[in-house]
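In: sequence plus the predicted model coming up.
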Amino acid sequence: MTGTILWFKRDLRVADHPALARAAQAGAPVLPLYVVEPDLWRQPDADARHYGFLRESLLDLKAQLARIGLRLVIRVGAAVPVLEALRRDHHITRLISHEETGNGWTFARDRAVADWAWGQGVTWEELPQSGVVRRLRGRDGWAVARDRFMAQPLVTVAPLPMLEGVGAQPLPGAGALGLGADAPARQVGGRAAGLALLGSFLTTRGQDYRRAMSSPLQGADACSRLSPHLAFGTLSLREAEQAAARRAGQVRGAGDGWSGAVQSFRSRLAWRDHFIQKLEDEPALEWRCLHPAYEGLRPDQPDAARLAAWTRGETGLPFVDACMRSLAATGWLNFRMRSMVMAVASYHLWLDWRATGQHLARMFTDYEPGIHWSQVQMQSGTTGINTLRIYNPVKQGLDQDPTGAFTRSWLPELADVPDGLLQEPWRWDGAGGLRYPAPIVDVKTAAAAARDRVWAVRQGDGFRAQAAKVVRKHASRKDAKGRFQRDPVRLKKDDRQMGFDF
Ligand SMILES: Cc1cc2nc3c(=O)[nH]c(=O)nc-3n(C[C@H](O)[C@H](O)[C@H](O)COP(=O)(O)OP(=O)(O)OC[C@H]3O[C@@H](n4cnc5c(N)ncnc54)[C@H](O)[C@@H]3O)c2cc1C
């Protein structure tokens, strides 16, 4: 009797799991496997908070699998030797998983697994679990195909025969993998937590989503908080989209904010696939500027003191520091705050996005390489096609945290600073007595210098032709058939391309 391995990766659920459904169709006994790969956890983008969320999600997955007659088998080691030992000892002829658009390490690992499967005569089937398309020829029509995928019925499976006699290993603790401390206020993993968030967002928390999403205090409740669940696959993107579509039908025309909220949420679910598709099409965007003209713009070796001040939340810019400290503790920031801390690192502090991006990857519980590296490059101005937004962190603090409650909650050193000067404590008469650093850069001077340097690159020979190539490969299409309506490479020195928010 031969067996099928169902290899769980970033798809830790039973519901709407196309790979599991395919394994059921195959008819052979199934071995549900999760491989804890110590080398993956040694990569510079890995952190204990990811592992903590993963462990909780695996425990929940175990219970879900038990309900369909399966037992999750954990093995620890490199994927190829683990798979080979199972093949040899248990007559495995088939491996089924979902396609993964991960970091460079998982890409290389999957190539090694493909070589192994080919060499051993094992059939490896990889199925899509979202709108991301492997070996995409071009972006025209992509959005239409993505929406079609999202509208397909959710996949269900009946109880399956288990491949018996396979020994499992216990899940190692984070310390055994060389990981440090978890985030003290991290989100809880597991499908039950994910479903609860989806339900509460669509019925109660989300009503004020549009207005509150960028607030550092209200955003934590008004945003869905589904990101780590989508990243680890405890919910499928299609489940979230279909639940939102049903809700859209219920609230249409109600005039109470719900309709717009659900619409904005569904757009973001689509952005998710849009950004991950970029990394699928161009894995090098994790380590190379999307527009090559920006290579070498910032020093390869970032200024160590500035980098350390930024990561620790000690730049002397209160709103930036509050965001960085909050992120370290909770593993989450809303989109606006992520953009701002990234932009300040890249423009004001002039730090290379690769170093700062690795730090944020470790800090975000929801680290999703496709979204992350695309956004890191966008907010650093290295794509060559997006609007440059040089956020002013003082203005952001005043706009987004008008009462100062968020800033004060993370910066107890500023307790005595009057409200009006909270975002610029260096202007306060008592600043000399504070146990808080002076700002490491002058915000306006640093922003203007960065803008000039980036603009100089944009005027270089061949910049526009190269930018057009990036657009053709990666930019979203605007019309109903998913094609461009006009040339989206706009190089005028205008507000859209070089946004300052003084
Ligand atoms: C520098 C930077 C790095 C980022 N890194 C990540 C990352 O590693 N993982 C990640 O999931 N998101 C990342 N984002 C995007 C976004 O900030 C988060 O998805 C969002 O804040 C997560 O909170 P939420 O689930 O409550 O989002 P909601 O606002 O409730 O949105 C719902 C879902 O839509 C998707 N989404 C939302 N915004 C975006 C976006 N701008 N681009 C693509 N998809 C989006 C996410 O899956 C999110 O869970 C990054 C943004 C920036 C600026």
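Out: Everything's here; your move.

In: from here on, just use CA atoms for contacts and neighbour counts.
Out: Will do.

In: and the contacts of the longest helix along the chain?
Out: Secondary structure assigned by DSSP state H gives helix 258-281 as the longest helix of the chain. Residues from elsewhere that reach helix 258-281 (Cα atoms under 8 Å, 6 or more residues apart in numbering): 101, 130-136, 202, 206-210, 237, 241, 244-245, 247-248, 251-253, 285-286, 369-371, 373-374, 474, 476.

In: so where is the stretch 251-400 of the chain shaky, pLDDT-wise?
Out: Within the stretch 251-400 of the chain, no stretch has pLDDT under 70.

In: now the helices for it?
Out: 258-281, 304-312, 318-330, 335-343, 353-363, 369-378, 393-400 (DSSP state H, counting those that start in this stretch).

In: dump the shortest one to CSV, restricted to CA.
Out: I take that to be helix 393-400. What follows is helix 393-400, C-alpha atoms only, in CSV (Å, rounded to 0.1, in the frame of the first residue of the first chain):
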residue,chain,number,x,y,z
PRO,A,393,6.8,62.1,12.1
VAL,A,394,6.0,65.2,14.1
LYS,A,395,2.9,65.9,12.0
GLN,A,396,1.9,62.3,12.0
GLY,A,397,2.0,62.3,15.8
LEU,A,398,-0.2,65.4,16.0
ASP,A,399,-2.6,64.1,13.3
GLN,A,400,-2.9,60.5,14.4
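
In: numbering from 611 from now on, please.
Out: Noted, 611 is the first residue going forward, which turns the last one into helix 1003-1010.

In: in it, what's buried?
Out: For helix 1003-1010, the neighbour count (16 or more other Cα atoms under 10 Å) marks 1003-1008, 1010 as buried.

In: Trp734 looks like it's in a strand, true?
Out: Yes - counting by DSSP: H, G, I helix; E, B strand; the rest coil, one finds Trp734 located in a strand.

In: what's near enough to touch it?
Out: Counted by Cα under 8 Å, 6+ apart, Trp734 has contacts 704-707, 724, 727.

In: mind running it again at 10 Å?
Out: Contacts for Trp734 were tallied using Cα atoms under 10 Å, 6 or more residues apart in numbering; they are 614-615, 703-707, 723-724, 726-728.

In: try Ala631
Out: So Ala631 contacts 624-625, 765-768, 770 (Cα under 10 Å, 6+ apart).

In: could you pull out the strands in the protein for me?
Out: 613-617, 640-646, 683-686, 702-708, 733-737, 998-1000, 1108-1110 (DSSP state E).

In: in stretch 1070-1079, what's buried?
Out: Buried-residue list, stretch 1070-1079, by 16+ other Cα under 10 Å: 1073-1074, 1076-1078.

In: contacts with the ligand among the residues you listed, please.
Out: For the ligand, no contacts are drawn from those by Cα under 6 Å from any ligand atom.

In: among these, which one sits closest to the ligand?
Out: Ala1077 (20.8 Å; Cα to the nearest ligand atom).

In: pLDDT wise, what is the closest one at?
Out: At Ala1077, the pLDDT value in this model is 87.

In: thought it was touching Tyr904?
Out: No - using Cα atoms under 10 Å as the test, Ala1077 is too far from Tyr904 to be in contact (11.3 Å).

In: which neighbours do those two have in common?
Out: 993-994, 1068.

In: ok, Gly800 - contacts?
Out: Gly800 touches 622-623, 663-671, 838-839, 842-845, counting by Cα under 10 Å, 6+ apart.

In: for ChimeraX, write the selection for the buried entries among those.
Out: Selecting only the buried entries of the contacts of Gly800 in ChimeraX, with 16+ other Cα under 10 Å as the criterion:
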select :622,623,663,664,665,667,668,669,670,671,838,839,842,843,844,845
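
In: filter the contacts of Gly800 down to just the ones in helices.
Out: Short answer: these in helices (DSSP H) are 663-671, 838-839, 842.

In: and of those residues, the nearest to the ligand?
Out: For those, the nearest to the ligand is Pro838 (6.5 Å; Cα to the nearest ligand atom).

In: so what's the residue count around the residue nearest to that closest one when sequence neighbours are not counted?
Out: Once flanking residues are discounted, Pro838 sits nearest to Asp976: 3.8 Å by Cα to Cα, 6 or more residues apart in numbering. Neighbourhood size, Asp976 [other Cα atoms under 10 Å]: 23.

In: Gly1042 now?
Out: Neighbours of Gly1042 using other Cα under 10 Å come to 12.

In: got it, and Asp962?
Out: Count around Asp962 with other Cα under 10 Å applied: 23.

In: who touches the residue nearest to it when sequence neighbours are not counted in this structure?
Out: Closest residue to Asp962 apart from its sequence neighbours, by Cα to Cα, 6+ apart: Arg908 at 5.6 Å. With contacts defined as Cα under 10 Å, 6+ apart, the neighbours of Arg908 are 956-957, 960-963, 1060, 1063.

In: mind giving me JSON lines with the contacts of Trp734 and columns for neighbour count, pLDDT and distance to the ligand?
Out: JSON lines is the format used below for those (neighbours: other Cα atoms under 10 Å; pLDDT from 0 to 100; distance: Cα to the nearest ligand atom, whole Å):
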{"residue": "Thr614", "neighbour count": "27", "pLDDT": "97", "distance to the ligand": "31"}
{"residue": "Ile615", "neighbour count": "25", "pLDDT": "98", "distance to the ligand": "28"}
{"residue": "Thr703", "neighbour count": "19", "pLDDT": "96", "distance to the ligand": "35"}
{"residue": "Arg704", "neighbour count": "21", "pLDDT": "97", "distance to the ligand": "31"}
{"residue": "Leu705", "neighbour count": "22", "pLDDT": "98", "distance to the ligand": "28"}
{"residue": "Ile706", "neighbour count": "22", "pLDDT": "98", "distance to the ligand": "25"}
{"residue": "Ser707", "neighbour count": "24", "pLDDT": "98", "distance to the ligand": "21"}
{"residue": "Val723", "neighbour count": "18", "pLDDT": "98", "distance to the ligand": "25"}
{"residue": "Ala724", "neighbour count": "17", "pLDDT": "98", "distance to the ligand": "26"}
{"residue": "Trp726", "neighbour count": "17", "pLDDT": "98", "distance to the ligand": "30"}
{"residue": "Ala727", "neighbour count": "20", "pLDDT": "98", "distance to the ligand": "30"}
{"residue": "Trp728", "neighbour count": "12", "pLDDT": "98", "distance to the ligand": "32"}
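
In: now those residues as TSV including distance to Ala633?
Out: Formatted as TSV, the contacts of Trp734 follow (distance: Cα to Cα, whole Å):
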residue	distance to Ala633
Thr614	7
Ile615	8
Thr703	12
Arg704	9
Leu705	9
Ile706	7
Ser707	9
Val723	18
Ala724	18
Trp726	20
Ala727	17
Trp728	19
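
In: out of those residues, which comes closest to Ala638?
Out: The closest of the contacts of Trp734 to Ala638 turns out to be Thr614 (Cα to Cα; 6.3 Å).

In: distance check, Asp670 against Gly800.
Out: With the distance defined as Cα to Cα, to the nearest Å, Asp670 ends up 5 Å from Gly800.

In: check the contact lists of those two and give me the overlap.
Out: 622-623, 664, 844.

In: farthest pair within those residues?
Out: Using Cα to Cα, the pair of the shared contacts of Asp670 and Gly800 lying farthest apart is Arg623 and Leu664, separated by 11.8 Å.

In: identify the contacts common to the two.
Out: With Cα under 10 Å, 6+ apart as the test, Arg623 and Leu664 both reach 670, 800, 842, 844.

In: pLDDT score assigned to the last one?
Out: This means Thr844. According to the prediction, Thr844 has pLDDT 98.

In: hmm, Leu668 and it touching each other?
Out: Yes - using Cα under 10 Å, Thr844 is in contact with Leu668, at 9.2 Å.

In: joint contacts of these two?
Out: With Cα under 10 Å, 6+ apart as the test, Thr844 and Leu668 both reach 622-623, 799-801.

In: okay then, goodbye and thanks.
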